[in-house]
Each structure stands twice: as C-alpha cells, then as structure tokens.
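**Q** what's the 3D shape of this:
(2 chains)
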Amino acid sequence: MKIRKLLFAIAGAALVFLAGRSFRESRNLKEPVVAGPGVTRVVKLSRYFDGIKNGVNDANVYVLEGTKPGGSVLVLGGTHPEEPAGRLAAWILAENGVVERGRLFIVPSANRSASTVTRLGGAYPPDYSIKTPWGEQKFRMGDRWSSPLDQWPDPEVYVHYPSRQELAYVDVRNLNRAWPGRPGGTLTERTCYALIQLIDREKIDIVIDLHEAELQYPVISAIVAHQKGQELAAMASMMISASEGFEIGVEYSPQALRGLSHREIGDHTGAISLLLEAPEPFLDATRGRTDRTLLLTGQDDFIVRAGKRGLLFEKIGADGWPVDKRVGRHTSTILQILEVWSEEKPERAVVISGVPRYKEIIDKTTGAYLRNPAEADPKRTYFE
Amino acid sequence: MSALVTIMYYAMTAYIAVLLAWNFVKRRKWQDEFLYLIILIPFLLRVFRLK
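**A** Residues are numbered from 1 along each chain as shown, chains lettered A, B, ... in the order given. I've put the predicted structure just below:
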C-alpha cells in the first residue's frame, strides 16, 4: 500500500509540474515584434501615465512618423487578446507600415495582462503559431479579461466609473468596459487612463480598436462608430464594399452602454473612436472542439449547423473563417478609413504604405508579413 | 482591503490543500487516494499562483 501511495504521489507531483510549467510558459512567452522600416521610435505606455510603470500592462507603443506633417491615428490590438486577428493586424502594421504623412501609433497588446492567461475552465490552447516563410511564430492565446493574478478580487457587481452603470462583475477586468479609466483605479482602469493620456497628449484624431466577435453576436463584420465618426465609417464601409472584396457594415455606438472604447474615447477626448469587428467562430458558444485549428481556420461543423438553423448573424460555410481573412479585413478597413479621412481632412491626413490589404493577405497568408527576429537587428526587436 | 482578501484567500487555499494531502495519506482504498490526489492538484497550482 505504501508503494502504491508513493507512486500516486509521484504521479500527482508530475501532473502539478507539467500543468504548472505549461501555465508558466504561457504567461511568460516572449512574442517578438521586429520594428519595421516605418517605426521611428518605440515608447512605453507609462510615458503617458506612470501609474502603470514597469507593470504587466506597461505596453509597447510603436510610433511611425512621416516626414510630412498631418494627423495622428492610434491603433489598438489586444484589447481582447483571445481575438487574435486584432493583435496580428497590429503586428503587420508595426512590421510593414511606412508613414509618409502624419503619425501612426500602434499598441499590439493594449491589455497585456489579459494576453498572459486563458479563459479559466475554458480548455483554451495556451498559444497558437502562425506559419511564415522562415518557420513558425508563436503567440499567447490570451483571454478577454485581465489576469486575476494581476487584478483581484472581483466585486459582486462592477460599477463603471464615472457613469456608475452596473455591469457584470467579471467586466471589472475587461479593458473594453473600463474606459475612460482613472488614475487611482484598478489595473484595467489605470491602463485605459494611460491610453486616454496618450490620446490627449499626442492629439490623436482617430482611435481604431481591433476586435473579433462570435457569429451569434449581432454586432459583427462591422465598424462600430461614435457619432463623431459616423460619416467617416459609412464612407469607409461603402469604399470597402466597392473595392476590397468583402462587405462591412456600420453600427452606431449606443449612448447608454458605458465603458466601451467606441463610446468613452469619443466622449472624453477629441478623437473619433471606431471599433472593428471581424468574425471569429472560436468564440461561439455552440462550437465543437476548442483548439488551435478552430482558432486559425474558423471551421466548425456545429456552427455551420447553427447557421442553417438561422441562429447566426454572419454567414459561414465549410471553409470557415480563416485567420488570414480576419486579419485582412482589419488591415483593409484601417487603410480605407485612413484614405477616406485623408481625403476629407487633408491638413490632418495620415498616409501610409507597405501594409498589405485583404486580397494580398489571403493570397500570401498572414505569416508572409511577419518578420524573422533571428535575422533582425536586435536593437530593432521588441517583445510583447 | 484587496490585499487582505488575497492573503486570506491564499491562506484558505493552502489550508484546504493540507487537509486534502492529509486525507490522501490516511486513506486505505486506492479509489479514495486517487480522488484526493486529483482534487489536490488545482489547489496546489492556485497556491503556487499558476493559472
């Protein structure tokens, strides 16, 4: 009996070690970003608010400055890291974009804490890899909410600041329910506050927050626009439908729903706030096996069947929603927004080149636009 | 306040982990030993702050 007990104890210790190592590696995985030819400097988010200095959410801000004066645009990836197309599109912008006029600020990991954990009890994969011509690049899977290791405990009810609207308790750790944030608040609120300081100090004209959504959610394949950006979003939507090879709708930011970037950034700063949603079947409640394949291919028979029963707000076929399609939607939509904006406001134009569009990403894949850190200048390589 | 709640939470988790480990040692049936072992694992991971 003693030998059996000893064997059981060894097996248990091995399980604790293996599980613990997986969690630890996932939390500490370093994701390289090779600063592209257009990146003129990389600063820490704490430059704008030292209340997050040296913490998990002291994110990298990649700044691309043109030689000609113009406007300023901020792109946020990783507000919800479990929506990978947003982060990957930000990666492609930082590694490939060249700004000719104006300035582009890119934050690939807006809520870095949320990227270091996966959904508790959700059986999510800890990471995923994108195939490139030089090998594979691994990314953290991430979650929708800041890690409870960084912000805890949660309240019974989350009371949003400053509206005092009552929201779901877990959304106290949701970056897209914590805008505009406050300096003495939770980690998530302080992160929003730091980003608001960036927007104010850099006189940002447009903030574009990159997301993905389940197909059973009505706000999908859309630009969600603050009222200040409705015309811009509508015009970009029309241009995309006419020339990019896909369609995207426009949703208006509800005035009564608080804490979201498309509402609060527009209300509390001089910037126009837009939020982009691409379809991500991985997030659907009726999905089958929750693995890396589903995350990257977006193929799932159960969701297809849900579509046949009229339960979805976006079409899905056997070919699913591959990550290249989702990333391409984001890059093309960003480019169209900038093109429409620059035409309407030439004195605040932001002109960018080198960023692949929807058709190019589908043709060559996302990985074709990721740079090899092994061949890059170490001084130009940063880690998320 | 949050720090106090966190300390209490981890103290309770460690206490329950010790109780589970004690029960694992004292049981004689292999099914009971296995049960306590499986239940113990998430408590240990939580004490080590691994999520």
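
**Q** ok, which stretches of chain B are helices?
**A** Using DSSP state H, the helices assigned to chain B run over residues B:2-26, B:30-47.

**Q** Let me have those helices in TSV, adding mean neighbour count as columns.
**A** (Each C-beta comes from the backbone N, C-alpha and C, glycine too.) Formatted as TSV, the entries for these read as follows, by neighbours: other CB atoms under 10 Å in any protein chain shown:
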stretch	mean neighbour count
helix B:2-26	13
helix B:30-47	16
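
**Q** Okay, now the unreliable bits of chain A?
**A** Along chain A, the parts satisfying pLDDT under 70 run over A:1.

**Q** Those residues of it touching chain B, which are they?
**A** Applying the criterion CB under 8 Å from any CB of the partner chain, the portion of chain A that neighbours chain B consists of A:1, A:4-5, A:8-9, A:11-12, A:15-16, A:19-20, A:23-24, A:27, A:117, A:120, A:147-149, A:152-153.

**Q** Nearest to chain B: which residue in the stretch 101-250 of chain A?
**A** Sorted by distance to chain B under CB to the nearest CB, the residues of the stretch 101-250 of chain A start with residue A:153, at 5.1 Å.

**Q** quick revisit: now the residues of chain A next to chain B: which count as buried?
**A** The neighbour count (16 or more other CB atoms under 10 Å in any protein chain shown) marks A:5, A:8-9, A:12, A:15-16, A:20, A:23, A:27, A:117, A:147-148, A:152 as buried among those.

**Q** Using a markdown table, lay out those residues together with distance to residue A:306 and secondary structure.
**A** As requested, those are exported to a markdown table (distance: CB to CB, whole Å; DSSP: H, G, I helix; E, B strand; the rest coil):
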| residue | distance to residue A:306 | secondary structure |
| --- | --- | --- |
| A:5 | 48 | helix |
| A:8 | 43 | helix |
| A:9 | 45 | helix |
| A:12 | 40 | helix |
| A:15 | 36 | helix |
| A:16 | 38 | helix |
| A:20 | 37 | helix |
| A:23 | 32 | helix |
| A:27 | 33 | helix |
| A:117 | 28 | coil |
| A:147 | 31 | coil |
| A:148 | 31 | coil |
| A:152 | 35 | coil |
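
**Q** Please convert the residues you listed to JSON lines, extending it with distance to residue A:84.
**A** Formatted as JSON lines, the entries for those read as follows, by distance: CB to CB, whole Å:
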{"residue": "A:5", "distance to residue A:84": "44"}
{"residue": "A:8", "distance to residue A:84": "39"}
{"residue": "A:9", "distance to residue A:84": "39"}
{"residue": "A:12", "distance to residue A:84": "34"}
{"residue": "A:15", "distance to residue A:84": "29"}
{"residue": "A:16", "distance to residue A:84": "29"}
{"residue": "A:20", "distance to residue A:84": "25"}
{"residue": "A:23", "distance to residue A:84": "19"}
{"residue": "A:27", "distance to residue A:84": "17"}
{"residue": "A:117", "distance to residue A:84": "15"}
{"residue": "A:147", "distance to residue A:84": "17"}
{"residue": "A:148", "distance to residue A:84": "21"}
{"residue": "A:152", "distance to residue A:84": "25"}
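
**Q** tell me which of those residues is nearest to residue A:58?
**A** Out of those, the one with the shortest distance to residue A:58 is residue A:147. That distance is 14.7 Å, counting by CB to CB.

**Q** Check the spacing between the closest one and residue B:49 real quick.
**A** 10 Å (CB to CB, to the nearest Å).

**Q** Same question for residue A:21.
**A** 14 Å.

**Q** try residue B:20
**A** In this structure, residue B:20 and residue B:49 are 18 Å apart, going by CB to CB.

**Q** can you check residue A:68 too?
**A** Plainly put, residue A:68 is 50 Å away from residue B:49 if you go by CB to CB.

**Q** before we move on, what about residue B:35?
**A** 25 Å.

**Q** thinking again about what came up before, mind checking the helices of chain B for the one nearest to residue A:175?
**A** With CB to CB as the criterion, residue A:175 lies closest to helix B:2-26 of the helices of chain B, at 18.9 Å.

**Q** Measure how buried residue A:18 is and give me the count.
**A** When neighbours are defined as other CB atoms under 10 Å in any protein chain shown, residue A:18 has 10 of them.

**Q** how far does stretch A:167-175 sit from the chain's center?
**A** 17 Å (CA atoms, centre = their mean, to the nearest Å).

**Q** what's next to it, contact-wise?
**A** The set of residues external to stretch A:167-175 that reach it, using CB atoms under 8 Å, 6 or more residues apart in numbering or on different chains, is A:79-80, A:110-111, A:114, A:144-148, A:151, A:154-160, A:177-178, A:186, A:188, A:191-192, A:258-259.

**Q** contacting residues for residue 44?
**A** You didn't pick a chain, so chain A it is. By CB under 8 Å, 6+ apart, residue A:44 lies in contact with A:53, A:58, A:59, A:60, A:61.

**Q** Oops, wrong one, chain B.
**A** With contacts taken as CB under 8 Å, 6+ apart, residue B:44 has the following neighbours: A:16, B:17.

**Q** Return the distance of it relative to residue A:9.
**A** From residue B:44 across to residue A:9, the span is 12 Å (CB to CB).

**Q** and what of residue A:222?
**A** Distance check for residue A:222 against residue A:9: by CB to CB, it reads 54 Å.

**Q** pLDDT below threshold where in chain B?
**A** When the per-residue scores of chain B are filtered using pLDDT under 70, no range remains.

**Q** Quick check: closest non-adjacent residue to the residue positioned nearest the centre of it.
**A** To find the centre residue of chain B, average its C-alpha atoms and take the closest one (CA atoms, centre = their mean): that gives residue B:17, at 2.2 Å. Computed as CB to CB, 6 or more residues apart in numbering or on different chains, the closest residue to residue B:17 that is not its neighbour in sequence is residue B:43, at 4.1 Å.

**Q** wait, isn't the one you found in contact with residue B:12?
**A** No: using CB atoms under 8 Å, residue B:43 and residue B:12 do not qualify as a contacting pair, with a distance of 9.9 Å.
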